[in-house]
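Novice: Mind looking at a prediction? Sequence and model below.
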Amino acid sequence: MRKLLAAILVILLWNACKFNTGNKKTLPILGSRQTATKMVNGQSVTDTIYQTIPAIHYINQYGDSVTNKNLEGNIYVADFFFTTCPSICPIMQRNMLNVYNAFKDSAGFKIVSYTIDPQHDSVPVLKKYADKLGISGNTWWLVQGPKDATYTIAKSYLVSVEEKNPAGEYIHDGFFILIDKQKRIRGTYDGTKAEEVSKLIEDIKMLKAEPASATSK
Amino acid sequence: MKLKIIAGIGLLLVILIVSCQSEEQLEFDRYYSAGSIVYQSRCQNCHGAKGEGLQALMPPLTDSAFLKANRALLSCSVKYGLNGKVSISKKIFEGQMPPNDLAPIEIANVLTYVTNSFGNKMGTITSQQVEIDLRKCR
């Protein structure tokens, strides 16, 4: 009974928040930012430079290389996992499948799942995992690359990943990160919570509808 | 007056019947509700809130025929993990279930929950039965 009350409260709060953001149709830009002043036509103009995702060089489950070029002009969702993860990954994959199913037929959208155990998660291992997950085509890439690079990217995504704990498990946040076409972070969502992932799906729709000019401010 | 006595006896009888029935039912309820908590914390991430599994990665727990046929082996699978090929709901799964560090009573709880949820109906799996089954693990 108490749970029910708590659930109702959460729903009410949730809706209250939604109501607030209802008339504000853009997502915030997250991460650090700097300003740069340059001269344009003899006038000084100040630009805001937002944190963007660094260049990547990875290999996906098909053995194809994945760089920023392959992601250019795409909105994408990133997360971190490893195929032998016993704890939160199955929940994350279950939730990410909802995102995949919502957008697998729409152009300009991708999901990039970085493995944090590249030693075990080779290309054939990733392919087999993708098959078992029931994903095909080029919407959802499971990618592997150097561990240091993955850690650096994780940091730039505001996610923390760590070395194996004594039980031999990796510790990592179950966050889904939403990246826009300009490689800026527009949202982070707890990938283990179905409600947050529903919000992610709504936010992707909003981001897809965002006009190119609105993103420069 | 007579009516009151008859009503009283009737009431007593009803209470008696209900309490006799509920001895077993009570045990089942205890196992089942404790089991649902173990399930949520230890199994649900892989097997899903409705025992639906996850694509071809995690098998569903809805194959009553499999569970019935393997009733005596379930404790071992939960305690020591399971790998190799298993055929569930006409699909082959080849994954790895990690071992679970659970006491016999917790295993009994969770198995009672699983084998009486998601369309399964196998009655109580008691802690005594789990201990017997665990002695025969390979």
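Specialist: Arrived safely.

Novice: As a check, name the ranges of all helices in chain B.
Specialist: Ranges of helices in chain B, per DSSP state H, are B:2-42, B:44-47, B:64-69, B:74-80, B:104-114, B:127-135.

Novice: Considering these, which stretch scores lowest in mean pLDDT?
Specialist: Lowest mean pLDDT of those: helix B:2-42, a mean of 84.

Novice: Also compute the angle for that helix relative to helix B:104-114, please.
Specialist: 100 degrees (axes from the mean of the first three to the mean of the last three C-alpha atoms, to 10 degrees).

Novice: mind showing which ranges of chain A have poor pLDDT?
Specialist: For chain A, the stretches flagged by pLDDT under 70 are A:1, A:4-25, A:160-172, A:212-217.

Novice: And the most centrally placed residue in chain B, how far from B:Ile132?
Specialist: In chain B, the C-alpha nearest the mean C-alpha coordinate belongs to B:Thr112, at 1.6 Å (C-alpha atoms, centre = their mean). Distance, B:Thr112 to B:Ile132, by C-beta to C-beta, to the nearest Å: 15 Å. All C-beta atoms are positioned from the backbone trio N, CA, C, and that covers glycine.

Novice: ditto for A:Ile185
Specialist: Counting by C-beta to C-beta, the gap from A:Ile185 to B:Ile132 is 55 Å.

Novice: Please apply the same query to B:Gly35.
Specialist: 18 Å.

Novice: And for A:Arg2?
Specialist: Counting by C-beta to C-beta - A:Arg2 and B:Ile132 are separated by 38 Å.

Novice: Have a look at these two and say which one is more surrounded.
Specialist: In this view A:Arg2 and B:Ile132 are compared by other C-beta atoms under 10 Å in any protein chain shown, and B:Ile132 has more residues nearby, 13 against 6.

Novice: give the contact list for the more buried one.
Specialist: If a contact means C-beta atoms under 8 Å, 6 or more residues apart in numbering or on different chains, then B:Ile132 has no contacts.

Novice: and the gap between it and B:Pro104?
Specialist: According to C-beta to C-beta, B:Ile132 stands 10 Å off from B:Pro104.

Novice: Please spell out which residues along stretch B:24-31 are buried.
Specialist: B:Phe28, B:Tyr31 (16 or more other C-beta atoms under 10 Å in any protein chain shown).

Novice: and if you look at stretch A:79-98?
Specialist: Buried-residue list, stretch A:79-98, by 16+ other C-beta under 10 Å: A:79-85, A:87-97.

Novice: Tell me the residues of chain B that contact chain A?
Specialist: B:Asn45, B:Cys46, B:Gly48, B:Leu54, B:Gln55, B:Ala56, B:Leu57, B:Met58, B:Gly95, B:Gln96, B:Pro98 (C-beta under 8 Å from any C-beta of the partner chain).

Novice: Next, the contact list for A:Ser32, please.
Specialist: By C-beta under 8 Å, 6+ apart, the neighbours of A:Ser32 are A:Gln51.
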